[in-house]
Structures are given as C-alpha cells and as structure tokens.
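Asker: model the structure of this input:
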Amino acid sequence: MLNFIYYPVSFILWCWHWVFGHVFGESSGFAWALAVVFLVFTLRALLFKPFVGQVRSMRKMQEFAPELQKIKKKYGNDRQRQAQEMQKLQAEHGVNPLGGCLPMLVQIPVFIGLFHVLRSFRPGWGEVYFFDADGVKSFVEAKLFGANLSTFITMPADELAKFATERNAVMLVSIPLMIIASIATHFTARHSVARQTQAAADNPQTAIMNKLTLYIFPLGVLVGGLFFPVAILLYWLSNNAWTLGQQYVVYHSIDREEEAKKVEATAQRQALAPKPGQKPKPGAKPQPGAKPVTGAKPQPPGEQADTEPPAEPDAPGGSTGTAKPSTEVPGLSPGRSAGKKQGNKKRR
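Answerer: Next comes the predicted model:
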C-alpha cells in the first residue's frame, strides 16, 4: 500500500550502500551504517530550502504575535471570525503556517518507510524492493561491533539466534546510541526554544509544546530505543545531528541578514536627516551640497534688501568728504524747488 514510499527509500539506501560497499566491502557493517546515515543526509539536503522558509515563517509569526493576541481577545467568542482575521493577518505578512510543517511532515513517511524496509531484511528472504537476494543476505550478515543492524534490545532470543547475534552485543551498541540520540534531541529542541521571543514563550500553548520537545521527546527516544533496531537509532542520531548543525548555520545566516538590514536602514535615516546647525525651510527641499548661511536674517515677504551704494565724497576742494543733506521737497524736481526759494526772497 505504501510502496510509493518504500521504493524511493530503498533506492536511496541501495545507492549509498553501493558507494560505501566499494570502500569497506558489501557485507561490512560500516558500509551499511554509513548508507543509513547518508540516506538521512540526502533527505535533509532536499528539505534544506523548505527548512529555511520554515525559520523565516516562524520569525515573522513571532513579530506579529501581539497582533494575533489582540485578535483572540477581540473575537474570543466568535471562532470563525477569529480564524478569518488570523488568516487575513498572515496573508498580509506573507506567512503560510502549513509551510513551516513541511519538513516534519516529509520526515514521518521516510521514517516509516525505512523502518519497514529494515524490518523486511530477514534471513532467507528473497528480494526486498530495490535489493535482490544477495543484497538482503549482505545486510543480514553485516555486523556493527558484533550486532546486526536489524536487531534490537527486546528482540526475542530465537530471533536473535537467526541473526547469529547475542543480546549483550546489541545492548553494547544500542545503549550508547540511545543516550546520544536522546541528548541530541534535547539540545536540538533547546536551540529552537532559545530563538523564541518572550511573548511567544509566555503563550500557554507554546509553553506546553516547549516542555514536550525539551523533555518528553528525548525521554521517548530513550525508552523507544529498547524497541528500535540499531539502524533506526543511527537514523535518529544522524537526523538530530544534521538538524542541530543546520539550525546553527541558518539561524546565524538570518541574524546577519537582519543586522545588515538594520545598519542599512540606519544609514538611510542619517543621510536624510538635516546636518547639524541647519534649519530646514518650510516647503523647501534641501539641495545636495548647499550649506546654510549663518547670521543672515530672513527678509519679510515683499521687501528687498537695502542694496543702495554708499554716498560718494565731494568734488576736490570741498571742506569735508561727507555729502550735504538734501533740501529737496519730496515730489518736486530740483529746478522748481530753487525757483520757489527766489520768489520768497523778492516778496520780502
């Protein structure tokens, strides 16, 4: 029923086993272990871009989380209106909540597919998806520090005898993998929680999810390791190791981008701001390169500045070098003013 998952998973596993089988040998436990690890790396490399989109989406949702809280308070009794307003707000900010779940949703069927394929590798079986009978026999005979990759700690004794593996050997390999995978799961979740804003962390639902990812999931890996084959524990460990490294690279890259944007925005504001000592004129646009004139008083509208040249000195022979005050009557020419004075003398 799920052959569309089993065949691609087995094909990728077959490809990597073919590569490492030429280095360590086809029946080497290291060749099969590395094939499982690089199966995880191949999948996570294909999901790298969606993971970056998930991080950016989570960052944007944290930025407008207060607005979401306002919508919840405003439409607390109207669930339908609340959902509509939330979708509208997410569309305005370009956020797709389902896009952030894509990497996790894709890993679930791959985990199920790998688990089924590995459980199908049993002694005496023929072809298993992309593996022929020789490939299945190679996997069954492969040992990693004395333990077969399909065996697990709680496997019945008769099943362990078919793989020619002792329980102590399985425990010697599985228990360290269980502990390391559990610790890696905790630190991966801790790294994600540390990126949350205070407003998001104070949300009751977010607080519950943080506790689950920080403590319950790692404990689940530790307990589930008793029932997981060695190859599944390798899958889980390599998956968490990739996630931890990927988070470090992506988070620091996004932080540098945001810091560069802040520096650029600050530089633009400083370039548009007036220079020290300069008073911007109402309605006037600043000209590039223009310097303000200090000490100059603005002229009232409709008046011009006094540009009359200073009085010239008297002709040679004068007693002083200053001009005599004028006796002209305003509105009369100089000739009429002199005639009027002579007429006044004759009357006397």
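
Asker: got the contact list for Glu141?
Answerer: Listed by C-beta atoms under 8 Å, 6 or more residues apart in numbering, the contact set of Glu141 reads Ser27. For glycine as for every other residue, the C-beta is placed from the backbone atoms N, C-alpha and C.

Asker: helix/strand/coil for Asn77?
Answerer: Put simply, Asn77 is coil when judged by DSSP: H, G, I helix; E, B strand; the rest coil.

Asker: which per-residue confidence value corresponds to it?
Answerer: What the model reports for Asn77 is a pLDDT of 76.

Asker: and it, how many neighbours?
Answerer: Residues near Asn77, counting by other C-beta atoms under 10 Å, number 7.

Asker: same question, Val110
Answerer: 20.

Asker: ok, now how distant is it from Asn239?
Answerer: 9 Å (C-beta to C-beta, to the nearest Å).

Asker: one more: Val19?
Answerer: For Val19, the distance to Asn239 - C-beta to C-beta - is 20 Å.

Asker: neighbour count for the two, which is higher?
Answerer: Between Val19 and Asn239, counted using other C-beta under 10 Å, the more crowded position is Asn239 (23 against 13).

Asker: quick check on Asp78: phi, psi?
Answerer: Dihedral pair for Asp78: phi -110, psi 90, per degrees, to the nearest 10.

Asker: that one: what's it in contact with?
Answerer: Contacts for Asp78 (C-beta under 8 Å, 6+ apart) come out as none.

Asker: try the one 4 residues further on
Answerer: Contact criterion C-beta under 8 Å, 6+ apart gives Ile71, Lys72, Tyr75, Gly76 as the residues in contact with Gln82.

Asker: how about 7 Å then?
Answerer: When contacts are counted by C-beta atoms under 7 Å, 6 or more residues apart in numbering, Gln82 touches Ile71, Lys72, Tyr75.

Asker: which phi and psi does it have?
Answerer: phi -60, psi -40.

Asker: check what pLDDT it gets.
Answerer: Reading off the model, Gln82 has pLDDT 77.

Asker: assign Gly126 to helix, strand or coil.
Answerer: coil.

Asker: identify the single longest helix in the chain, thanks.
Answerer: Taking DSSP state H as the criterion, the chain has its longest helix at helix 230-272.

Asker: by contact count, what packs against that one?
Answerer: The elements that helix 230-272 packs onto, with contact taken as 3 or more C-beta pairs under 7 Å, 6 or more residues apart in numbering; DSSP states H and E, are helix 29-46, helix 48-63, helix 102-120, helix 167-193.

Asker: what's the closest of the ones you listed to Leu234?
Answerer: With respect to Leu234, and counting by C-beta to C-beta, the nearest of the helices and strands packed on helix 230-272 is helix 29-46 at 5.0 Å.

Asker: tilt between that closest one and helix 167-193?
Answerer: 20 degrees (axes from the mean of the first three to the mean of the last three C-alpha atoms, to 10 degrees).

Asker: now the angle from helix 29-46 to helix 230-272?
Answerer: Using the same axes, to 10 degrees: helix 29-46 against helix 230-272 is 30 degrees.

Asker: done for today, thanks.
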